[in-house]
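[1] Below is the structure, and that's it, no one-letter string:
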């Protein structure tokens, strides 16, 4: 951890992965999805509903929105 500190890195993610620690995040909310759309400047209620109905995590929601923006 001292090496990480010298490099200006926290190293926490690496440290936690090495001790096999898992922190479960709460499920995303509709407000999280709305805020995600605001961040990306997207106004598409049908897509918002589709992502809300199908995304299993906030990470999924981000990937789905990025794929939409890339035309996939």
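    Great, that's in hand. Computed from a predicted model, the values in this text were never measured in an experiment.

[2] Show the contacting residues for residue 64.
    When contacts are counted by CB atoms under 8 Å, 6 or more residues apart in numbering, residue 64 touches 50, 51, 54, 55. To be clear about C-beta, it is placed using only N, CA and C from the backbone, and glycine gets the same treatment.

[3] Same check on residue 30?
    Each residue near residue 30 by CB under 8 Å, 6+ apart is listed here: residue 52.

[4] could you measure it against residue 51, distance?
    As judged by CB to CB, to the nearest Å, residue 30 and residue 51 stand 10 Å apart.

[5] Which residue ranges of this structure form helices?
    Per DSSP state H, the chain carries helices over the ranges 2-6, 12-18, 30-40, 45-54, 58-69.

[6] one step back: show the buried residues in the contacts of residue 64.
    Buried by 16 or more other CB atoms under 10 Å: 51, 55, out of the contacts of residue 64.

[7] Make TSV out of the contacts of residue 64 and add pLDDT and distance to residue 64.
    What follows is those, written out as TSV (pLDDT from 0 to 100; distance: CB to CB, whole Å):
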residue	pLDDT	distance to residue 64
50	95	8
51	94	5
54	94	7
55	92	6
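
[8] Just give me the closest of the contacts of residue 64 to residue 69.
    residue 51 (12.2 Å; CB to CB).

[9] from what I can see the closest one touches residue 61, true?
    Yes - using CB atoms under 8 Å, residue 51 is in contact with residue 61, at 5.1 Å.

[10] which residues do these two both contact?
    The contact sets of residue 51 and residue 61 overlap at residue 33 (CB under 8 Å, 6+ apart).

[11] Check residue 61 and give its pLDDT.
    Among the per-residue scores, residue 61 shows a pLDDT of 91.

[12] The residue positioned nearest the centre of the chain and residue 7, how far apart?
    Nearest residue to the geometric centre of the chain (CA atoms, centre = their mean): residue 59, 3.5 Å. Noted for residue 59: a distance of 26 Å to residue 7, by CB to CB.

[13] How about residue 30?
    39 Å.

[14] Kind regards, and thank you for your time.
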